[in-house]
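> next input, structure requested:
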Amino acid sequence: STAPPILCPSGIMLLVDLALPAAAGGIAVCFSHPLELTKTRLQLDNERAARGTPRKYSSWIDCWLQNWRKDGVRGLQRGLQLGIAREVCFNAVRIGLSDSVLESIHAGVGEPGSAPAPAERVAAGLTCGALGGCCVNPIEVLKVRMQAQGGATGFQHEYKGVIDGLASLLREEGVAGVFRGIGTSTVRGLLGPGSQLIAYNECKRFATEKGASPASVTTHIGCALASAAVSVLCVNPVDVVRTRVYNQPRADWYTGGLDAAKQLVQTEGWSAFYKGASTHYMRLGPHMVLVFGILEQFKALRKRLEV
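Residues are numbered from 1 along each chain as shown. Sure, this is the predicted structure:
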């Protein structure tokens, strides 16, 4: 006989909603982190150098190989602990809260009994992306600095580990250092993860309306890859600026995100906004396939639970 469904209070279900994407992101980043590190080092290449200065890395492959030869797998996974912490916290907010935020927005402005409008979905996606960016900013600062450490580009902070990095950051830059670049990070959260979540949900809705199975692995992969392309197109310029703001020594180089963007254009040209974009997509596409694929499997296991 079929076992009866497990009944859970809404508070526990909310925790489950947060925990599932957090776990999915934490697992996925273990595979995608080397590409994230490569992207960071490419984005720091030729930082504040005179126009025409030769790059340290000729391509993402060259960057990968140089890092591999120098430090092996351990070097390519530098900062992984922070990467896992970031994904757990970020996905809990960005994905885990999306349905609750959408319901709240729809309850306030939508027609009772109707489906949420596209504008409401956009607002929910942007809100969750911005909130996620704010929540993980301290982790992001340390993660970028540890990923840059040991590479041929960017300022080298020489942290001995996560604890030493945090202690050094607080000692040398205070609380302001922990929240360095939070405005730029919030904009990134609006443009990147916000657009990505919207694109994934809309692609999945469109594919389902055209007859695709919402539970199909092919549907998940296709929607994840498409949403990653939208995200990279929207967010890479802000991502380059944020990486440089995070990794600068104290506040000596940039007064903020706008100043970093101005200096980048003056010394490297507009094309520098898309440094590391191909690696960004190669990392983000498979990463989101893993995140949403794992998440969908978790959701399938949760179907026995009822509010």
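> point out where the protein drops to low pLDDT.
Along the chain, the model assigns pLDDT under 70 to residues 1-11, 193-194, 304-307.
> what about 80?
1-14, 16-17, 110-113, 189, 192-198, 215, 250-252, 288-289, 292, 296-307 (pLDDT under 80).
> quick check: longest helix of it.
In the chain, with assignment by DSSP state H, the single longest helix is helix 10-43.
> which elements pack onto it?
helix 60-76, helix 80-94, helix 98-109, helix 137-148, helix 217-247, helix 277-301 (3 or more C-beta pairs under 8 Å, 6 or more residues apart in numbering; DSSP states H and E). The C-beta positions use only the backbone N, C-alpha and C, and glycine is treated the same way.
> reformat these as TSV; add distance to L15.
Converted to TSV, the helices and strands packed on helix 10-43 look like this (distance: least, C-beta to C-beta, whole Å):
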stretch	distance to L15
helix 60-76	34
helix 80-94	10
helix 98-109	12
helix 137-148	21
helix 217-247	24
helix 277-301	13
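> deepest-packed of those helices, please.
Burial among the helices and strands packed on helix 10-43, expressed as mean neighbours by mean count of other C-beta atoms under 10 Å, is greatest for helix 137-148, which shows a mean of 25.
> quick one: list the elements packing against that helix.
helix 10-43, helix 80-94, helix 162-178, helix 182-191, helix 217-247.
> out of the ones you listed, nearest to L290?
Smallest distance to L290 across those (C-beta to C-beta): 3.7 Å, for helix 10-43.
> helix 217-247 and the closest one, what's the angle between them?
Note on geometry: by axes from the mean of the first three to the mean of the last three C-alpha atoms, to 10 degrees, helix 10-43 and helix 217-247 are set 60 degrees apart in direction.
> and E111, how many neighbours?
8 (other C-beta atoms under 10 Å).
> now it: phi and psi?
phi -80, psi 130 (degrees, to the nearest 10).
> go on, A124?
The phi and psi values for A124, taken as degrees, to the nearest 10, are phi -70, psi -40.
> so how far is A260 from it?
According to C-beta to C-beta, to the nearest Å, A124 stands 30 Å off from A260.
> repeat that for P249.
In terms of C-beta to C-beta, P249 sits 13 Å off from A260.
> who's more crowded, the two?
In terms of neighbours (other C-beta under 10 Å), A260 is the more surrounded of P249 and A260; the figures are 24 against 12.
> my guess is that one contacts V245. True?
Yes: counting by C-beta atoms under 8 Å, V245 is a contact partner of A260 at 5.3 Å.
> quickly list what's touching both of the two.
Here A260 and V245 have Y254 as joint contacts, going by C-beta atoms under 8 Å, 6 or more residues apart in numbering.
> now the helices and strands packed on helix 137-148 in TSV, with distance to D71?
As requested, these are exported to TSV (distance: least, C-beta to C-beta, whole Å):
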stretch	distance to D71
helix 10-43	10
helix 80-94	13
helix 162-178	17
helix 182-191	28
helix 217-247	18
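> just give the nearest non-adjacent residue to A277, would you?
Nearest non-adjacent residue to A277, counting by C-beta to C-beta, 6 or more residues apart in numbering: N236, 4.7 Å away.
> contact partners for that neighbour?
F273, Y274, G276, A277, H280.
> reformat those as a markdown table; add distance to Q81.
A markdown table is the format used below for the contacts of N236 (distance: C-beta to C-beta, whole Å):
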| residue | distance to Q81 |
| --- | --- |
| F273 | 30 |
| Y274 | 29 |
| G276 | 22 |
| A277 | 26 |
| H280 | 22 |
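> any idea which of those is closest to K56?
G276 (12.9 Å).
> surely that closest one meets Q43?
Yes: applying C-beta under 8 Å, one finds G276 in contact with Q43, separated by 4.6 Å.
> need the overlap of contacts for the two.
Here G276 and Q43 have D239, V240 as joint contacts, going by C-beta under 8 Å, 6+ apart.
> before we move on, back to that, so the residue nearest to A277 versus L14, what's the distance?
Relative to L14, and taking C-beta to C-beta, N236 is found at 33 Å.
> cool, N67 as well?
From N67 to L14 the distance is 41 Å (C-beta to C-beta).
> what is the burial count for the residue nearest to K275 when sequence neighbours are not counted?
Spatially, and ignoring its direct neighbours in sequence, K275 is nearest to Q43 (5.0 Å; C-beta to C-beta, 6+ apart). Counted by other C-beta under 10 Å, the residues lying close to Q43 total 29.
> the residue lying closest to Q156 once chain neighbours are set aside: neighbouring residues, count only.
Once flanking residues are discounted, Q156 sits nearest to Q149: 5.8 Å by C-beta to C-beta, 6+ apart. Neighbour count for Q149, taken as other C-beta under 10 Å: 20.
> residues contacting the closest residue to V187 other than its chain neighbours?
Spatial nearest neighbour of V187, excluding adjacent residues (C-beta to C-beta, 6+ apart): V238 at 5.5 Å. Going by C-beta under 8 Å, 6+ apart, V238 touches T184, V187, R188, L191, G192, G257.
> alright, I will stop here.
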